[in-house]
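# Here is the input, now give the coordinates:
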Amino acid sequence: MRIKGFTALAIATLVLVSGCTISNSPSPDNTEGYDASPEALNIIAGTEQDTVISTIVKPWCTSEGYQCNVTLKGSVDQARLLAAGSTDYDAYWFASSVFSQIGDQSGKLQDVRTMFLTPVVFAGWRSEMQKLGFVGRADVSIGDILQAVESGNTKVWATNPTQSNSGATVLFGFMNYFAGNGPGTALTQEQLDSAAVEDGITRFIEAMDQTPPSTGTLMDRCVEQPDVCRTMFTYEDLVIEKNQGLVQAGKEPLVVAYPRGSLAISDAPLGFFPHGNSVDPAKRQILNELQDYLLEDPEAQAKLLKLGRRPATSIGLTLDNPDTTVFNPAWGIQATINEQGIQYPSASVIQAALDRYQTRYRRPVNTYYCLDGSGSMFGNGGWNGVAEAAHQVFDQDQAALNFLQSHPQDVTTVAIFNNGVTGGSPWTVQGNEAQALHGLTEKINGYRPGGGTDMYTCLNQAADELAKPQTDNRKGLVVLMTDGQSETGQRDSALAALQRADVPVVAIAFGSNADPSQLEEVAAATAGAFVQQTDLVAALRQAAGYK
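Numbers count the residues shown, from 1 in each chain. Got it, this is the predicted structure:
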């Protein structure tokens, strides 16, 4: 099956859809650097909040005369920064309480309030949901959805639960189901250790066709590739956002079903991080005013509803007089949901479950890295980025901090290319033995860039290796990174070999001299992904999030 889980991209991408380019250039809403002015509020927020920030928060800040500096980060990055006590931000805005619990185990955040609610739904193209018998039904149970997922009758995507709030909420929703818990009962460590949960969640995760590392990535890629992505687990509000654009473009909309019996809800907690200095009171005041505005101002509430966010002050998930152009019944959206959301487990159980996803639940992956070691990678500092990225992903103590551990049945191969495959590579590690994987980092550190650029030679070797029969139900993946234009002598044979092997390529263009056309072609030909990236450490970590 093609890239079931699209996992393992262990080095190189912020990845997304083949034919879809992602730029990591900073935007005005992704401001780095701490502003100590008492009139400024420095917020770190999940990417899920991007639309709310750009259309509601930033205009409010401007109207009030405040400077609101917003940095968008993934769930793991937010949790790590908070746990480390980073003083770069005055406020943390998570998508849900799952990762805020991981990051705030010492109780550093203050004035934490839920800003709005949105349930996690099972969504698919209308024609697919009709085929599954879910259209027009308000009583689709979690058991019905599990049967659809495991039957093989549809291709199902969910985000990697170790990297994304939506994936984590889905994970705990189904764990609760396998444990036999009702909505108000949290998963315990004893239940996590049980065979019922272990076997059930492993079976469920293996049924996922692809597992991108973020919800935004999942939504973008799914809409771009409707023939590959047929159904998914995602946020209700993001389905509404996508459908508004799809319908306007005359395209088929998505239809949702709610996993009755184990409904997971995203609660968007926003809290203040005190610095213990003289400007804390002023900054806290700005945050409290922003919270009051989002929760109480009629104009803000109307704007949030337009974006498909349900009020945190409503009774459960019930909406009074809903706008049916937004909460559209034709899309399966239910204005009244009389069901309690699941209770999330303790931080220690969350931590244990996410660790087990990487090393026990997910399918193992055979990942083949083709890394540009040409002379230009020395002059532009790119090889230093590759070395640091290798440390973050291959060294298991660092990988664990990012929930990127290797699986005992993973196979990891690193090849360096210039005019051909060079530097004594490729090097292969079977499994997840820490010292062996650290050896990859050492070999990368020991290489000195030089020579020209021929990525197709490396891709040919990768295709030959991954075309071999795979044991342990492994998926195959190629991660390609280059900063220049490749020689093309082996272009045709490499593309043909990759297509025969049925292996996706994540193709990363590093710096301004890389040729996007060559990389986009490889990604598109293999149903892989292309990304334009300037930070190789971020690229590698995000690519590894596909495991």
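
# can you list the weak-confidence ranges in this structure?
Along the chain, the parts satisfying pLDDT under 70 run over 1-32, 314-315, 537, 540-547.

# Now stretch 56-72: buried residues?
For stretch 56-72, the neighbour count (16 or more other Cβ atoms under 10 Å) marks 56-57, 60-61, 66, 68-72 as buried. To be clear about C-beta, it is placed using only N, CA and C from the backbone, and glycine gets the same treatment.

# Adding distance to Leu187 and secondary structure, write those out as TSV.
Formatted as TSV, those follow (distance: Cβ to Cβ, whole Å; DSSP: H, G, I helix; E, B strand; the rest coil):
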residue	distance to Leu187	secondary structure
Ile56	34	helix
Val57	33	helix
Trp60	38	helix
Cys61	39	helix
Tyr66	40	coil
Cys68	37	strand
Asn69	37	strand
Val70	33	strand
Thr71	32	strand
Leu72	30	strand
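
# what about Leu518, which helix or strand?
To be clear, residue 518 is Gln; Leu isn't right here. Using DSSP states H and E, Gln518 falls within helix 516-525.

# What are the buried residues along that helix?
Those would be 518-525, for helix 516-525 by 16+ other Cβ under 10 Å.

# so which of the residues you listed comes closest to Leu270?
Using Cβ to Cβ, Ala523 comes nearest to Leu270 of those, at 36.5 Å.

# wait, doesn't the closest one sit right on Val506?
Yes - using Cβ atoms under 8 Å, Ala523 is in contact with Val506, at 7.2 Å.

# what residues are shared contacts of the two?
Shared contacts of Ala523 and Val506 (Cβ atoms under 8 Å, 6 or more residues apart in numbering): Ala529.

# and the closest residue to Asp237 other than its chain neighbours, which of the three is it?
Nearest non-adjacent residue to Asp237, counting by Cβ to Cβ, 6 or more residues apart in numbering: Gly308, 3.7 Å away. Secondary structure for Gly308, judged by DSSP: H, G, I helix; E, B strand; the rest coil, is coil.

# got a list of what Gly308 touches?
118, 236-241, 326-327.

# Report the separation between it and Gln340.
Separation of Gly308 from Gln340 (Cβ to Cβ, to the nearest Å) stands at 21 Å.

# do Gln334 as well
For Gln334, the distance to Gln340 - Cβ to Cβ - is 15 Å.

# Reduced to three states, what does the spatially most distant residue from the centre of the chain come out as?
No residue in the chain sits farther from the centre than Ser278, which is 37.2 Å out by Cα atoms, centre = their mean. At Ser278 the chain is in coil, as set by three-state DSSP.

# Next one: it from Pro38, what distance?
Distance of Ser278 to Pro38, given as Cβ to Cβ: 8 Å.

# Tell me where the stretch 401-547 of the chain has helices.
For the stretch 401-547 of the chain, helices defined by DSSP state H, counting those that start in this stretch occupy the ranges 434-446, 455-466, 491-501, 516-525, 536-544.

# if we can go back for a sec, between Gln334 and Gln340, which one's more packed in?
Gln334 (20 against 13; other Cβ atoms under 10 Å).

# tell me the contacts of that one?
Counting by Cβ under 8 Å, 6+ apart, Gln334 has contacts 138, 258, 327.

# if we take those residues, which one ends up nearest to Asn402?
Tyr258 (31.5 Å).

# Can you name the two of the contacts of Gly308 that sit furthest apart?
The largest separation in these, counting by Cβ to Cβ, is between Leu238 and Phe327 at 13.7 Å.

# Between those two, which is the more surrounded one?
Using other Cβ under 10 Å as the criterion, Leu238 and Phe327 rank with Leu238 on top: 23 against 18.

# The more buried one is in what secondary structure piece?
helix 236-248.

# Can you list the strands that the next helix or strand after that helix pairs with?
The element immediately downstream of helix 236-248 (helix or strand, assigned by DSSP H and E) is strand 254-257. Strands adjacent to strand 254-257 in the sheet, as given by DSSP bridges, are strand 116-125 (antiparallel).

# Report the inter-axis angle for the partner strand versus helix 236-248.
Orientation of strand 116-125 against helix 236-248 (axes from the mean of the first three to the mean of the last three Cα atoms, to 10 degrees) gives an angle of 50 degrees.

# Pull the contacting residues for Cys458.
Here Cys458 is in contact with 370, 415, 417, 421, 480 (criterion: Cβ under 8 Å, 6+ apart).

# What separation do you get for the last one and Ser376?
In this view, Leu480 and Ser376 are 16 Å apart by Cβ to Cβ.

# What count of nearby residues applies to Ser512?
Number of residues near Ser512 (other Cβ under 10 Å) recorded here: 9.

# How much space separates it from Gly484?
Distance from Ser512 to Gly484, counting by Cβ to Cβ: 10 Å.

# try Tyr177
50 Å.

# got it, and Leu117?
48 Å.

# can you check Leu254 too?
On the measure of Cβ to Cβ, Leu254 and Gly484 end up 40 Å apart.

# same check, this time on Ala347
Remark: distance between Ala347 and Gly484 (Cβ to Cβ) = 45 Å.

# More neighbours: the two, which one.
Gly484 (21 against 16).

# List the contacts of Arg448.
Phe378.

# rerun that using 10 Å as the cut-off
373, 375, 377-378, 383, 423 (Cβ atoms under 10 Å, 6 or more residues apart in numbering).

# pretty sure Ile142 contacts Leu263?
Yes - using Cβ atoms under 10 Å, Ile142 makes contact with Leu263 at a distance of 8.2 Å.
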